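*Asks:* Turn this into a model:
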Amino acid sequence: QEVGQAERRVSHMMQQLAESCEEAEQRMVAEREGRARAEAEALLAEATAQAAEEAMMAAMLQLAEAWELAGELAGKQAQQVEDARQEEEETQQRMAAEREG
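*Replies:* Numbers count the residues shown, from 1 in each chain. Presented below is the predicted three-dimensional model:
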């Protein structure tokens with residue numbers, strides 16, 4: 001009878017041990033999944049920040065190029081206005097010289 005009780009106790013302890021091991025394994029898996037998820041989120045955040053920084057740098061370069069082009073166009077336009085003013089002035093002088101002469 002004692003042997004039967006001992007066997008049942010051993011069997012019960014083995015079952016509790018198996019359940020404890022299973023629970024511990026489930027906790028470890030959940031912790032690993034949590035760490036993996038946190039690492040993936042951190043990598044995603046880093047990649048997103050890097051992409052945003054690269055996009056901002058590209059936009060700044062485009063803006064600088066646009067300013068440079070605008071400056072060149074403004075310079076050309078100013079030169080055209082000056083050329084037209086000089087041409088008008090020369091025309092007026094020729095017309096005045098022709099009237100006098």
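*Asks:* what's stretch 51-70 in contact with?
*Replies:* Outside stretch 51-70, not one residue touches it by CB atoms under 8 Å, 6 or more residues apart in numbering. From N, CA and C alone the C-beta is placed, and that goes for glycine too.
*Asks:* Show me what the mean pLDDT comes to for it.
*Replies:* Mean pLDDT, computed over stretch 51-70, is 97.
*Asks:* Ok, stretch 76-84 next?
*Replies:* On average, stretch 76-84 scores 96.
*Asks:* Nearest residue to the middle of the chain?
*Replies:* Ala52 (1.9 Å; CA atoms, centre = their mean).
*Asks:* so how far is Ala58 from that one?
*Replies:* 11 Å (CB to CB, to the nearest Å).
*Asks:* and if you look at Arg27?
*Replies:* According to CB to CB, Arg27 and Ala58 sit 46 Å apart.
*Asks:* Then Val3?
*Replies:* Distance from Val3 to Ala58, counting by CB to CB: 81 Å.
*Asks:* which of those two has more neighbours?
*Replies:* Using other CB atoms under 10 Å, the more surrounded residue of Val3 and Ala58 is Ala58, with 10 against 7.
*Asks:* Now name the helix or strand holding the more buried one.
*Replies:* Per DSSP states H and E: Ala58 is located in helix 2-100.
*Asks:* How far does that helix sit from its chain's centre?
*Replies:* Remark: helix 2-100 is offset 0 Å from the chain centroid, using CA atoms, centre = their mean, to the nearest Å.
*Asks:* Please apply the same query to stretch 1-19.
*Replies:* Counting by CA atoms, centre = their mean, stretch 1-19 comes out at 60 Å from the chain centroid.
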